[in-house]
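**Q** Just to be clear, the model below is a prediction. Sequence and coordinates:
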Amino acid sequence: MAGAGRNQKKVARRGLMFVLSSPSGAGKTTLSRLLLKADRKIALSISVTTRPKRPGEVDGRDYRFIDRARFDAMVKKNELLEWAEVFGHCYGTPHRPVVKALQDGRDVLFDIDWQGTQQLREKARDDLVSVFILPPTAKELERRLKSRAQDTKAVIGARMAKAGGEMSHWPEYDYVIVNHSKDEAFAEARAILAAERLKRERQIGLSAFVRALQAKL
């Protein structure tokens, strides 16, 4: 019967944690925004941070901006899945919203560094899909940092100096994308996400689905 297939329930799936990491300026935040705009099945993990808001950022949408005392209390109470201090500011991922999303079959996007990714791997390896974004050249990385017009020359220099160390962690990731162009890198990130969603172990409703199919044969 025409259209009957569309009325069937989809196979139940456990959500995944999709991590994008890169040196500052290599493109992880841009790719994150593109994914969120194009894919309704994934939501951004809203990190808490002690750093000041940047122009255009909204509390509760981009980050939850809190003071250091509150952040330290969350660490002490084990309320964060991961956390790190970067350039004098702390960032962390609240535990409860992520766990709830995964259980409900929703995917969660993380824009975090290698330290945070390592902590997530230790706590929830089976739910994690990690992608490292590399710039095509050092010169292009510096150009992108300058074009953001968000940092002083001293901060840009510090970010460039730190980039080499951050890049050394690429072998720890499941996938690596060299960000030659925004569109190409975006297409590659979407392809990774699509494939990971179809992994057998994440489709927790497959056994029941197959049994139902077999019963109709």
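**A** That came in fine, so what should we check first? Residues are numbered from 1 along each chain as shown.
**Q** Tell me how far the most centrally placed residue in the chain lies from residue 124.
**A** Centroid-nearest residue in the chain: residue 110, 2.2 Å away (criterion: CA atoms, centre = their mean). Residue 110 sits 11 Å away from residue 124, going by CB to CB, to the nearest Å. Backbone N, C-alpha and C define where each C-beta goes, glycine included.
**Q** Helix, strand or coil: sort out the closest residue to residue 119 other than its chain neighbours for me.
**A** Using CB to CB, 6 or more residues apart in numbering and skipping residues adjacent in sequence, the residue nearest residue 119 is residue 82, 3.6 Å away. Judged by DSSP: H, G, I helix; E, B strand; the rest coil, the three-state class of residue 82 is strand.
**Q** hey, what's residue 82 bridged with?
**A** residue 93 (DSSP bridges).
**Q** Count the neighbours of it for me.
**A** 25 (other CB atoms under 10 Å).
**Q** so who does it touch?
**A** 92-93, 112, 115-117, 119-120, 123 (CB atoms under 8 Å, 6 or more residues apart in numbering).
**Q** Among those residues, name the ones in strands.
**A** Judged by DSSP state E, those include 92-93 as members of strands.
**Q** Format the contacts of residue 82 as a markdown table; extra columns: pLDDT, neighbour count and distance to residue 135.
**A** Converted to a markdown table, the contacts of residue 82 look like this (pLDDT from 0 to 100; neighbours: other CB atoms under 10 Å; distance: CB to CB, whole Å):
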| residue | pLDDT | neighbour count | distance to residue 135 |
| --- | --- | --- | --- |
| 92 | 93 | 24 | 26 |
| 93 | 93 | 23 | 25 |
| 112 | 87 | 26 | 18 |
| 115 | 87 | 16 | 20 |
| 116 | 88 | 23 | 20 |
| 117 | 93 | 25 | 18 |
| 119 | 92 | 18 | 25 |
| 120 | 94 | 21 | 23 |
| 123 | 89 | 13 | 29 |
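**Q** Just give me the closest of the contacts of residue 82 to residue 29.
**A** residue 112 (10.9 Å; CB to CB).
**Q** can you give me the strands for this structure?
**A** 17-21, 42-44, 48-49, 64-65, 80-86, 89-94, 107-111, 128-134, 175-178.
**Q** now, of the ones you listed, which is deepest in the fold?
**A** Stretch with highest mean neighbour count among the strands of the chain: strand 17-21 (a mean of 25; mean count of other CB atoms under 10 Å).
**Q** any low-confidence regions in the protein?
**A** 1-8, 148-151 (pLDDT under 70).
**Q** Grab the nearest non-local neighbour of residue 167.
**A** Per CB to CB, 6+ apart, closest to residue 167 is residue 23, 6.1 Å.
**Q** The one you found and residue 135 touch, don't they?
**A** Yes. Here residue 23 lies in contact with residue 135, judged by CB atoms under 8 Å, at a distance of 7.1 Å.
**Q** which one of these two has more residues nearby?
**A** residue 23 (25 against 22).
**Q** For that one, give me its contacts.
**A** 135, 141, 159, 162-163, 166-167.
**Q** what's the most distant pair in the residues you listed?
**A** 135 and 162 (13.4 Å).
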